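Trainee: For reference, the sequence and a predicted model appear below.
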Amino acid sequence: MYLNRTLCSVLEEMRDADKTKNYSYLLGLIEEAQSMGNRMESALEDVKDVARLHERRKELHAEVTKLKKEKKELGGEVKNVDPLFE
C-alpha cells in the first residue's frame, strides 16, 4: 500500500535540497508541487460546481412542483415521468 504524497512533503524535500545545496532535482519537485496545486484547485472548483448544481436542482424541483399544482388547479392531469421529481 502506498501513502499519498502531500504538497507539504514536496516542499520539505525542496528545503532539504537547499540544505544540502543539491539542486539537481529541484526543478522536478517544483513541477510536482505545481501539479499538486493545480489538482487541488481543480478539485475545489468541482466541489463548487456540485454545490451549484445541487442548488439549481432544488430550484427546478420547486418550479416543477409549482407547475404541477397549477396544472391540477386548472383541471389537467399530471403524470410523473421522472422519478426524481416525485
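Mentor: Looks like it came in fine.
Trainee: Model confidence at Glu70, what's the number?
Mentor: Per-residue confidence at Glu70 stands at 89 (pLDDT).
Trainee: Report all helices and strands that the strand or helix carrying it contacts.
Mentor: Taking DSSP states H and E as the definition, Glu70 sits inside helix 26-73. With contacts defined as 3 or more CB pairs under 8 Å, 6 or more residues apart in numbering; DSSP states H and E, helix 26-73 has these neighbours: helix 7-20. For glycine as for every other residue, the C-beta is placed from the backbone atoms N, C-alpha and C.
Trainee: What residues of the helix it packs on count as buried?
Mentor: By 16 or more other CB atoms under 10 Å, the buried positions in helix 7-20 come out as 10, 13-14.
Trainee: neighbouring contacts of that helix?
Mentor: The contact list for helix 7-20 (CB atoms under 8 Å, 6 or more residues apart in numbering) reads 23, 25-26, 29-30, 32-33, 36-37, 40.
Trainee: rerun at 10 Å
Mentor: 3, 5-6, 22-26, 28-37, 39-40 (CB atoms under 10 Å, 6 or more residues apart in numbering).
Trainee: Filter the residues you listed down to the buried ones, ChimeraX style.
Mentor: Per 16+ other CB under 10 Å, the buried members of the contacts of helix 7-20 correspond to this ChimeraX selection:
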select :29,32,33,36
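Trainee: how far does stretch 72-79 sit from the chain's center?
Mentor: 39 Å (CA atoms, centre = their mean, to the nearest Å).
Trainee: Distance from the helix holding Glu70 to the middle of the chain?
Mentor: 6 Å.
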